[in-house]
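[1] I'll drop the sequence and a predicted model, then ask my questions.
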Amino acid sequence: MVFGKMFMKILNKDRRNKQISILIIGLNNSGKSTIINYFKNKDDRKFVSVPTIGFNVEHFENQGISFTAFDYSGQGRYRNLWEHHFKTCNGIVFVIDSSDRMRLVVVKDELELLLQHRDIKRRRVPILFFANKMDCIDALSSVKIAAGLNLEKIDNKPWQICSSNALTGEGLQNGVQWLTAQIRECQQTKELPHE
Ligand SMILES: Nc1nc2c(ncn2[C@@H]2O[C@H](COP(=O)(O)OP(=O)(O)O)[C@@H](O)[C@H]2O)c(=O)[nH]1
Ligand SMILES: [Mg+2]
């Protein structure tokens, strides 16, 4: 099932013509484009990426849900190109290459920058972590990555970590189902009359 359809199945009842926006971020080479391609249907493939010199941004829309992916570097010189998405996103997919042990410390720094960002810090935006490339022999388990990134300390946002193999699609659907359920919950909470 394609991304958009899966989201719509869960969100349909509660949506009031609102645009849902999902950000897919992670270091370069973590597997973001592969994940996007897995979910895109053939019709979407022709819309694909907006090449920006020196920087990768991909954007596509499916049934009222917009997906934007970029190579995340919180200190990068292109941050102004994507930072504005933080304010409006309804959910974040954070992709990690589990076989890239050398860069796990960089991932940790980038995650810290994201969590401390003024437009994210106080918002209850759900974060789905993909411990991608689980098929690689030297891949760290999702439990080890969660510990390495100190995910337990995230206490004001729902989060989940799923092992995935973006080449085969293994683990992707579970993760996305979790994210959609969380987005729906956050939206319902927002719509409560006394809040
Ligand atoms: N073994 C393996 N390779 C993957 C997986 N996901 C992506 N790759 C490969 O990793 C490389 C980088 O993937 P890409 O999607 O371009 O990463 P991006 O820079 O985050 O968009 C490509 O050669 C992919 O084929 C995975 O789950 N397992
Ligand atoms: Mg890419």
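    Yes, it's here. Ligands and ions are numbered 1, 2, ... in the order given.
[2] Pull out the buried residues from the host helix or strand of N37.
    Secondary-structure assignment from DSSP states H and E places N37 in helix 32-39. Residues of helix 32-39 classed as buried: K32, S33, T34, I35, I36, Y38, F39 (neighbour count, 16 or more other CB atoms under 10 Å). Glycine gets a C-beta too; all of them are placed from N, C-alpha and C.
[3] try stretch 182-189
    By neighbour count on 16+ other CB under 10 Å, the buried set for stretch 182-189 is Q182, I183, R184, C186, Q187.
[4] just to revisit the earlier point, run through who's touching the helix holding N37.
    2-3, 24-26, 45, 49, 56, 58, 60, 67, 69-71, 93, 95, 130, 132, 164, 166-167, 169, 172, 176 (CB atoms under 8 Å, 6 or more residues apart in numbering).
[5] Quick check: PyMOL command selecting the buried ones in the residues you listed.
    The buried residues among the contacts of helix 32-39 can be selected in PyMOL (16+ other CB under 10 Å) with this line:
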select buried, resi 2+3+24+25+26+58+60+67+69+70+71+93+95+130+132+164+166+172+176
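[6] Contact residues of this structure facing ligand 1?
    Proximity of the chain to ligand 1, by CB under 6 Å from any ligand atom, involves residues 26, 28-34, 71, 132-133, 135-136, 165-167.
[7] Could you tell me which ones among those also sit near ligand 2?
    When the residues of the chain next to ligand 1 are filtered against ligand 2 using CB under 5 Å from the ion, the residues retained are K32, S33.
[8] Which one of the residues of the chain next to ligand 1 is nearest to ligand 2?
    Proximity of those to ligand 2 was ranked by CB to the ion; the top entry is S33 with 3.3 Å.
[9] For K108, give me its contacts.
    By CB under 8 Å, 6+ apart, the residues touching K108 are G148, L149, N150.
[10] so the first one touches L140, yeah?
    Yes: taking contact to mean CB atoms under 8 Å, the distance of 7.2 Å between G148 and L140 places them in contact.
[11] Tell me the spacing between the residue nearest to the spatial centre of the chain and ligand 1.
    The centre of the chain sits closest to V93, judged by CA atoms, centre = their mean, with a distance of 1.1 Å. Going from V93 to ligand 1 by CB to the nearest ligand atom, to the nearest Å gives 11 Å.
[12] now that residue, nearest residue through space, not along the chain?
    Counting by CB to CB, 6 or more residues apart in numbering, I24 is the residue found nearest to V93 once chain neighbours are left out, at 4.4 Å.
[13] Noted, bye for now.
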